[in-house]
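> missing the sequence, but the structure's below:
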Ligand SMILES: Nc1ncnc2c1ncn2[C@@H]1O[C@H](COP(=O)(O)OP(=O)(O)OP(=O)(O)O)[C@@H](O)[C@H]1O
C-alpha cells in the first residue's frame with residue numbers, strides 16, 4: 001500500500017434542513033484499503049458515502065481526494081471525481097433499452113472517447129471478469145438481480161476508477177444471489193481495488209475489510225480491524241449492535 005491517503009474526511013457534517021444526519025465524521029482511506037461501513041438503519045451510512053463523491057454536498061467539513069478539497073471542485077472536476085470514484089448502488093441502474101454490452105460501452109465511448117472496437121473489447125473483458133460473457137447481447141430485463149448487479153460493477157470498472165463506493169450492493173437481492181455479487185467484490189479487493197462498502201453483510205466485512213467503521217447517530221463511533229470489531233467491540237453501541245446481529 002502507498003503511504004498517501006486517497007481520501008481524507010475532515011469534520012464532515014451534513015444537515016437536511018434541521019436534521020443533522022452527519023455530525024462530525026473523520027476518516028482516511030488509503031490506496032488498496034477495503035473499508036466496510038456498518039451500523040443501524042438511518043445512521044447516515046448512505047449519506048456519508050454520497051458525500052465522498054459529492055453526490056451530496058457537505059454542510060461543513062471537507063472531503064479531500066488525493067489531497068485536493070473536493071468542495072472547491074468545478075462541475076467538470078466533479079464529473080471526473082465521480083468517474084474516478086465509481087459507485088455501485090443497491091438498485092442496479094442499468095439502462096433498460098440498451099443491451100448489457102452497450103450499457104458497458106456507453107461511458108468509455110462518450111467519456112473516454114474510445115473507439116467502438118476498443119470499448120467493445122474492454123466491455124467483453126470486464127464481462128469475463130464478472131463471469132457474464134454469455135450475457136453480452138441480452139437486455140437487463142432478462143438478467144437475475146445478481147447478474148444485473150455484476151453488470152453494474154463491470155460498468156463502474158469500465159471507467160478505470162481509482163476506487164469504488166458500494167451502497168448496500170446486495171440489499172435488493174434474493175438471498176441466493178448475494179454470494180455471487182460478494183464473490184466478485186472479494187476478487188476486486190484481492191486485486192487491490194480501493195473500496196468503501198456500506199453493507200449489512202457482516203461475513204463479508206469480517207472476511208474482506210481491512211477496517212470496519214461503525215456508524216450510529218451521524219457519528220463514526222468506532223473504527224477497528226474486523227476481528228477486533230466483531231470479537232472485542234469497544235463502544236457500548238457497537239457491542240449492542242453486533243450482539244443483536246449475531247443473535248438475530
Ligand atoms: N435527501 C434527504 N432529505 C432529507 N433527509 C434525508 C435525505 N437523505 C437521507 N435523509 C435522512 O438522513 C438519515 C440518514 O439516512 P441514510 O440513508 O444516510 O442512512 P443509512 O444509515 O444509510 O440507512 P439505511 O441502512 O436504512 O440505508 C435518515 O433519517 C434519512 O431519513
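Structure received. As the structure is a computational prediction, the values presented were derived from the model and not from experiment.

> distance from the centroid: which residue in this protein tops it?
residue 117 (28.8 Å; CA atoms, centre = their mean).

> contact partners for that residue?
Residues in contact with residue 117 (CB atoms under 8 Å, 6 or more residues apart in numbering): none are found. Every C-beta, even on glycine, is put in place using the N, C-alpha and C of the backbone.

> any idea which element it lies in?
For residue 117, the element it lies in under DSSP states H and E is helix 116-129.

> report the buried residues of that helix.
119-120, 122-124, 126-127, 129 (16 or more other CB atoms under 10 Å).

> over to stretch 232-240?
So, applying 16+ other CB under 10 Å, buried residues of stretch 232-240: 233, 237-238.

> show me what the helix-or-strand element of the chain with minimal mean pLDDT is packed against.
Sorting the helices and strands of the chain by mean pLDDT, DSSP states H and E puts helix 236-247 at the bottom, at a mean of 89. When contacts are defined as 3 or more CB pairs under 8 Å, 6 or more residues apart in numbering; DSSP states H and E, helix 236-247 sits against strand 211-216, strand 219-224, helix 226-231.

> need the pLDDT of the nearest residue to residue 73 once chain neighbours are set aside.
Nearest in space to residue 73, with sequence neighbours left out and distances taken as CB to CB, 6 or more residues apart in numbering, is residue 81 at 6.2 Å. We have a pLDDT of 94 for residue 81.

> ok now the top helix by length along the chain, how far from the chain's centre?
Using DSSP state H to assign secondary structure, the helix with the most residues in the chain is helix 175-190. The chain centroid and the centroid of helix 175-190 are separated by 13 Å under CA atoms, centre = their mean, to the nearest Å.

> same question, stretch 66-85
Distance, stretch centre to chain centre, for stretch 66-85: 17 Å (CA atoms, centre = their mean).

> buried stuff in that stretch?
Applying 16+ other CB under 10 Å to stretch 66-85 flags 70, 73, 81-85 as buried.

> just stretch 133-145 next, same as before
Taking 16+ other CB under 10 Å as the criterion, stretch 133-145 shows 135-136, 139-140, 143, 145 as buried.

> near the ligand, which residues of this structure show up?
16, 19, 21, 39, 41-47 (CB under 6 Å from any ligand atom).

> need the buried ones from these selected in ChimeraX.
Burial among the residues of the chain next to the ligand is assessed by 16+ other CB under 10 Å; the matching ChimeraX selection reads:
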select :21,39,43,44,45,46,47
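
> which two among the residues of the chain next to the ligand are spaced furthest apart?
16 and 39 (17.9 Å; CB to CB).

> can you redo the buried residues of stretch 133-145 as a markdown table with pLDDT?
Listed next are those as a markdown table, based on pLDDT from 0 to 100:
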| residue | pLDDT |
| --- | --- |
| 135 | 97 |
| 136 | 97 |
| 139 | 97 |
| 140 | 97 |
| 143 | 97 |
| 145 | 96 |
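
> ok, so of these, who is nearest the ligand?
residue 145 (17.6 Å; CB to the nearest ligand atom).

> contacting residues around that closest one?
92, 172-174, 177.

> so where do the helices sit in the chain?
Under the criterion DSSP H, the chain carries helices at the ranges 45-52, 75-84, 100-110, 116-129, 145-157, 175-190, 202-208, 226-231, 236-247.

> tell me what the third one is packed against?
Helices and strands in packing contact with helix 100-110 are listed as helix 116-129, helix 145-157; criterion 3+ CB pairs under 8 Å, 6+ apart.

> low-confidence ranges in this protein?
1-2, 248 (pLDDT under 70).

> so residue 93 sits right up against residue 152, yeah?
Yes. Assessed by CB atoms under 8 Å, residue 93 is found in contact with residue 152 at 6.6 Å.

> would you mind measuring from residue 144 to residue 132?
Using CB to CB, to the nearest Å, one gets 10 Å for the distance from residue 144 to residue 132.
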